[in-house]
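**Q** Build me a model:
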Amino acid sequence: MDRKTLLIIIIVTGFVGVFLGFVFSLFLIENPNSIDLPVFSDEEIEAKNNLLKEYIDEQAYLQSRIVTLRSKLEEAQKTIEEHSKIATIEKLDDLKKDVGLSEIHGKGLEIFINDVKPSGLVQASDIRDVVNLLRASHTEGISVNNQRIISTSSISSVGNALLVNNSYVVPPIYIHAIGNQQTMLQKLLNKTLLQDIYNRLEKKNIIFQISAKSNLVIPVYNGNLKVDYINLVE
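**A** Numbers count the residues shown, from 1 in each chain. Now for the predicted structure:
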C-alpha cells in the first residue's frame, strides 16, 4: 500500500468518527433518559452531608479526648512516682528504726535497777530478762544506759563488769523503752516472768522500779553493724 492510499484511509476514518460522535450527541439530546445516571434528591444530599459532618465532629471529639486522656495519664504517672518516692522514704525510715539508725521519741517506760550495796548483785542476766520481756511487748525501741538495743546487741558480763554492745556500763542501770505502756507494764509486773529479780527485790538486795514517761528518747545505735549478708543493689 502506497502512502497516498494510506492517507486517504486515515482521512475517511476521521470523518466517520466525527460523524458518529455527532449522531450520538444528537441521540443523547433527544433522549436524555436513555442512560440511567444516579439522581439524588435534595433530602438524600442533605442527609449525606449531615452524616459527613457528624463523622468529622466525632473525629474531632475523639482527637480532643485522646489529648485529654494523655494529659491525665501523664498526671497519674507523676502522682504514682511521687507516692512511690514517699513510700520509699517511709520504708527507709522504718528500716532505719528497725536497725537502730535513727533516734526515736515517744511515750514509754523507764526501768531503774540498782544495787542496794556495792556488792555487784545486778547481773547481766537481769538486764537480758527485762530487755527480752520488752522485746516481746513489740516496743519501738529500747536502750540500756543510752546504749541502743538492736537485734544483734549483746548483754554480757566479764567478772563484775557489765557489757552492753561491748561497752562497759555500771549500776545504776536505766532501761528505756518506747511503746505501749500498758502492754509493757503487764509483762514487767508479772513476778513469774521476772522471778529472780522479784526474789532479790523482796530480800532488799536490789532496787527495781518502773516509771511511766511521756517523752523518752532512744538514741541511735553506735556499735558495730554486721553486714555479712548485705549486697549492694544498683
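**Q** pLDDT weak spots in the protein?
**A** 1-40, 66, 70, 83-100, 118-120, 223-234 (pLDDT under 70).
**Q** Give me the distance between Tyr168 and Ile210.
**A** Between Tyr168 and Ile210 the distance is 25 Å, computed by Cβ to Cβ, to the nearest Å. All C-beta atoms are positioned from the backbone trio N, CA, C, and that covers glycine.
**Q** care to break this protein down by domain?
**A** 39-98, 104-218 (automatic domain parsing).
**Q** now, of these, which is deepest in the fold?
**A** Between the domains of the chain, the one whose residues have the most neighbours on average, counting mean count of other Cβ atoms under 10 Å, is domain 104-218 (a mean of 16).
**Q** Please look at Leu185 and Glu110 and confirm they touch.
**A** No. The pair formed by Leu185 and Glu110 falls short of the contact definition of Cβ atoms under 8 Å, at 11.9 Å.
**Q** Report the set of residues contacting both of the two.
**A** Shared contacts of Leu185 and Glu110 (Cβ atoms under 8 Å, 6 or more residues apart in numbering): Ile210.
**Q** Can you pull the phi and psi angles for Asp180?
**A** No, residue 180 isn't Asp; it's Asn. Main-chain torsions, Asn180, degrees, to the nearest 10: phi -70, psi 110.
**Q** Against Ala136, how distant is it?
**A** Using Cβ to Cβ, which is the criterion applied here, Asn180 is 12 Å from Ala136.
**Q** tell me which strands and helices the helix or strand Leu109 falls within is in contact with?
**A** Assignment of secondary structure by DSSP states H and E places Leu109 within strand 104-115. Where contact means 3 or more Cβ pairs under 8 Å, 6 or more residues apart in numbering; DSSP states H and E, strand 104-115 is packed against helix 124-136, strand 173-178, helix 181-188, strand 206-218.
**Q** 6 Å instead, please
**A** Contacting strand 104-115 under the criterion 3 or more Cβ pairs under 6 Å, 6 or more residues apart in numbering; DSSP states H and E are the following elements: strand 173-178, strand 206-218.
**Q** Would you reformat the ones you listed as JSON lines and include distance to Val122?
**A** Compiled in JSON lines, the helices and strands packed on strand 104-115 are given as follows (distance: least, Cβ to Cβ, whole Å):
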{"stretch": "strand 173-178", "distance to Val122": "6"}
{"stretch": "strand 206-218", "distance to Val122": "6"}
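**Q** right, and those strands - which one's nearest Gln195?
**A** Gln195 lies closest, by Cβ to Cβ, to one member of these: strand 206-218, at 12.3 Å.
**Q** which neighbours does the closest one have in its sheet, and in what orientation?
**A** strand 104-115 (antiparallel) (DSSP bridges).
**Q** Just the residues contacting the partner strand, thanks.
**A** With Cβ atoms under 6 Å, 6 or more residues apart in numbering as the contact definition, strand 104-115 has outside contacts at 121-122, 130, 140-141, 171-173, 175-179, 184, 207-211, 213-214, 216-218.
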